[in-house]
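**Student:** need the 3D shape of this:
(2 chains)
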Amino acid sequence: MVEAIRLRDDEVHEEPAVSLDSFLDQSNATAVRIEAGEDARLLLPYLDRLSLVEIDFPAFGDGRGYSAAQILRESGYAGELRASGDVLLDQVSHMRRCGFDAFAPDSPINPALMKEAISRYDHVYQATSDQRTPIWRLRHG
Amino acid sequence: MYQYDEYDQKMVDTRVEEFRDQVKRRLAGDLTEDQFKPLRLMNGLYLQLHAYMLRVAVPYGTLNSKQMRMLGHIARKYDRDYGHFTTRQNIQYNWIKLEDAPDILADLASVEMHAIQTSGNCIRNISSDQFAGATADEIADPRPWAEILRQWSSFHPEFSYLPRKFKFAVIASDTDRAAMRLHDIGIQLVHNEAGELGAKFFVGGGMGRTPMVAPEIRDFVPADELISYAEACLRVYNRYGRRDNKYKARIKILVHELGPEEYSRQVEEEFAHMKTLGLNPPVEELARISEFFQDPPFDKQASDDLDLSDPDFAVWVDQNNSAHKQPGYAIATISLKPRGGIPGDASSAQIDLMADLAEQYSFDELRVTHSQNIVLPHVKKSDLYAIWQKLDEAGLAPANLDLITDSIACPGLDYCSLANARSIPLAQKISKRFADLGRQRELGELKLKISGCINACGHHHAGHIGILGVDRKGTENYQLLLGGSGAEDASLAKITGPGFTEDGVIDAIETVTDLYLEQREEGERFIDTYRRVGMARFKEAIYG
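**Tutor:** Numbering: from 1, shown residues only, chains lettered A, B, ... in the order given. This is a model prediction of the structure:
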């Protein structure tokens, strides 16, 4: 298991993530892993008890995980949102903007470079679930 | 036209530095070509047959003379002294060195330009009507809306790794000069019953191997919900568009497989949710951007009188100029389709000249058209003769707008690693065969479009006459198509039958144009006669 780089201050959640099917079958799991193509909205009734959602990227070019993350954050999910799989340095800033706050890449990423990548752009054009202020709001107060 | 503020400038400057860093890591071997590929593509850099190709964005086809001169400078300094204007109103350079690319992007950023998202599976350059702001037939200038979309789509974190590339067009006229319904999302600005301006959405059009005309998905989206509706359209696609087969990955396939009603229902569901998220810029932002697109200070006294005693000039005025909303002015199209030339190519000297003319005579504005020509949008009629003389000296005055030699052609096998056949030499040969301007004008409006493979970058599906180059047992073979249109009467061309050699397909074109001349009724264009007479009659003439 790859050690995740976490951008949150709370304790690491120890319970291993179960598959979406297992999660939906159990009444008490608090960590779940969803694969690309699985419907993140199935988790919406359970957000209160979830502490960790891991979203897998089978290939960096498969962007479904970005929407899955946004959907969870837009619905108020506040636990850890971890990107796993083919997660590369040049995608982490977009992942961050979609609400990911932990990264478990298949190939290790230098945390310092990751930090630089995430903070590279001073401003953003869109309102997304990371709550950064979009440029249009800066223009109009 | 739009001017960057400090925020816009910072965004492109940061992108230049980011890309400089990525190129450095690639050259040092820290990034594999596989890992680098999506990054360079997101910056418009392709690896072609012989070299890197850089595609520079010209947002909605609008640029000023300073920007145009920079395009000439890049051609001179980093390429082989020419550039190629594309069907997405962009320009591309075919002989770029990877190590130069960051400097080129820095040069572009110095004139408020970039190559962001001119490639890759993301939202591409937003295209629009090349006559925007100049034509009388629009209900509003579509470009402020396109600029709102440009900013929203730039570095969009959720939609940068879509199943496939994604193209928007925005128009505001019932006359479609942008092939709007052949886009992933086509937007037509309309008024609702209350007289408010909004967007009609068409989703799921496109060319490529499975051409489709986009169905209407929503008849009206208010200005202050434009972004949330676009987000909803994109999210449904990002989640459910096919990723198992790149040839079935465009949104047109999703819309087709679900059916427009079901797709639209899913979008509405997402939209209802999106509306609650505060995604839309306030109307003040549209107003702020619109301020940049106010009319230039036209001379209200300008005269409509024109001395047409020079017959060559008279023909050019008649063929290449379009009605302007302001009396005494014209919209002049500079044809980049000289006899035997490469459609869309311009030398750095020609680019500079066009920049000079724009500065002197067209309120500093130029447009790139999806037909690979350049427009001077606001020209006083009394200046037309001086402009024409300068264009003529520079080989930029072919009077063939919308005629058979004003063809669209993709780069084809001369440059492109995907092509099956050459497109450019064929376009050049056709241009020579039909060189006689009297004959061309006799044939009238005739949109000829050539693609060197089924990806259809040369828009052959939308040609009144389309040509598709294929590879048949190792030799180039050309299929002939008839009856397509990218305009408001959008339709898809159909293949006539077995393909031809390069010369054979030109003979076949002559056969169908001869038949048109024989069969046409009063006022009919080629496409009208074809639609009335039908394919069978044309097939019979071609194949006997």
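**Student:** only C-alpha atoms, please: export stretch B:81-88 in PDB.
**Tutor:** Extracted in PDB, the C-alpha atoms of stretch B:81-88 (Å, rounded to 0.1, in the frame of the first residue of the first chain):
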ATOM      1  CA  ASP B  81       8.700  31.900 -42.700                       C
ATOM      2  CA  TYR B  82       5.000  30.900 -43.000                       C
ATOM      3  CA  GLY B  83       2.000  29.900 -40.900                       C
ATOM      4  CA  HIS B  84      -1.100  28.000 -41.600                       C
ATOM      5  CA  PHE B  85      -4.500  29.400 -40.700                       C
ATOM      6  CA  THR B  86      -6.900  26.600 -39.600                       C
ATOM      7  CA  THR B  87     -10.500  25.600 -39.700                       C
ATOM      8  CA  ARG B  88     -10.800  26.400 -36.000                       C
END
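**Student:** per-residue confidence for residue 101?
**Tutor:** Picking chain A for this. Looking at residue A:101, its pLDDT is 97.
**Student:** correction: the question concerned chain B.
**Tutor:** The confidence metric pLDDT takes the value 95 at residue B:101.
**Student:** can you name the next helix or strand after the helix or strand containing it?
**Tutor:** Taking DSSP states H and E as the definition, residue B:101 sits inside helix B:101-109. Note on helix B:101-109: by DSSP H and E, the next helix or strand toward the C-terminus is strand B:127-128.
**Student:** could you report the neighbour count for the nearest residue to residue B:423 once chain neighbours are set aside?
**Tutor:** Leaving aside its chain neighbours, residue B:423 sits nearest to residue B:412 (3.1 Å; criterion: C-beta to C-beta, 6 or more residues apart in numbering or on different chains). For the C-beta atoms, the positions are set from N, CA and C on the backbone; glycine is no exception. Neighbour count of residue B:412, defined by other C-beta atoms under 10 Å in any protein chain shown: 25.
**Student:** got a list of what residue B:412 touches?
**Tutor:** Going by C-beta atoms under 8 Å, 6 or more residues apart in numbering or on different chains, residue B:412 touches B:419, B:421, B:422, B:423, B:424, B:426, B:450, B:451, B:452, B:458, B:469.
**Student:** now do it against residue B:478, distance only.
**Tutor:** Using C-beta to C-beta, to the nearest Å, one obtains 11 Å as the distance from residue B:412 to residue B:478.
**Student:** same check on residue B:511?
**Tutor:** With distances taken as C-beta to C-beta, residue B:511 is found 14 Å from residue B:478.
**Student:** which of the two has more neighbours?
**Tutor:** Taking other C-beta under 10 Å, residue B:511 and residue B:478 do not tie; residue B:478 has more neighbours (25 against 17).
**Student:** show the contacting residues for that one.
**Tutor:** Contacts of residue B:478 (C-beta under 8 Å, 6+ apart): B:421, B:426, B:467, B:468, B:469, B:470, B:499, B:500, B:501, B:502, B:504, B:505.
**Student:** redo that, cut-off 10 Å
**Tutor:** By C-beta atoms under 10 Å, 6 or more residues apart in numbering or on different chains, the contact set of residue B:478 is B:421-423, B:426, B:450, B:452, B:467-470, B:472, B:499-506, B:508-509.
**Student:** which ones among the residues you listed are found in helices?
**Tutor:** Residues of the contacts of residue B:478 located in helices (DSSP state H): B:426, B:502, B:503, B:504, B:505, B:506, B:508, B:509.
**Student:** so which strand or helix has the residue nearest to the third one when sequence neighbours are not counted?
**Tutor:** The spatially closest residue to residue B:503, leaving aside those adjacent along the chain, is residue B:429, at 7.6 Å (C-beta to C-beta, 6+ apart). Secondary-structure assignment from DSSP H and E places residue B:429 in helix B:424-433.
**Student:** quick one: buried residues of that helix?
**Tutor:** Judged by neighbour count using 16 or more other C-beta atoms under 10 Å in any protein chain shown, the buried positions of helix B:424-433 are B:424, B:425, B:426, B:427, B:428, B:430, B:431, B:433.
**Student:** what about the residue in the stretch 51-200 of chain B that chain A sits nearest to, helix or strand, and which?
**Tutor:** As assessed by C-beta to the nearest C-beta, chain A sits closest to residue B:161 within the stretch 51-200 of chain B, at 2.9 Å. Residue B:161 belongs to no helix or strand when elements are defined using DSSP H and E.
**Student:** quick one: the closest residue to it other than its chain neighbours from residue B:190, how far?
**Tutor:** With C-beta to C-beta, 6+ apart as the criterion, residue B:161 has its nearest non-adjacent residue at 2.9 Å, and that residue is residue A:63. Distance, residue A:63 to residue B:190, using C-beta to C-beta: 32 Å.
**Student:** ok, residue B:149 - contacts?
**Tutor:** B:59-60, B:123, B:126, B:128, B:168, B:170, B:185, B:187, B:199, B:226-227, B:230.
**Student:** quick revisit: give the contact list for the residue nearest to residue B:503.
**Tutor:** Residues near residue B:429 by C-beta under 10 Å, 6+ apart: B:340, B:502, B:503, B:505, B:506.
**Student:** repeat for residue B:169
**Tutor:** Here residue B:169 is in contact with B:60, B:88-89, B:126-129, B:142, B:146, B:176-188, B:202, B:205, B:214, B:370 (C-beta under 10 Å, 6+ apart).
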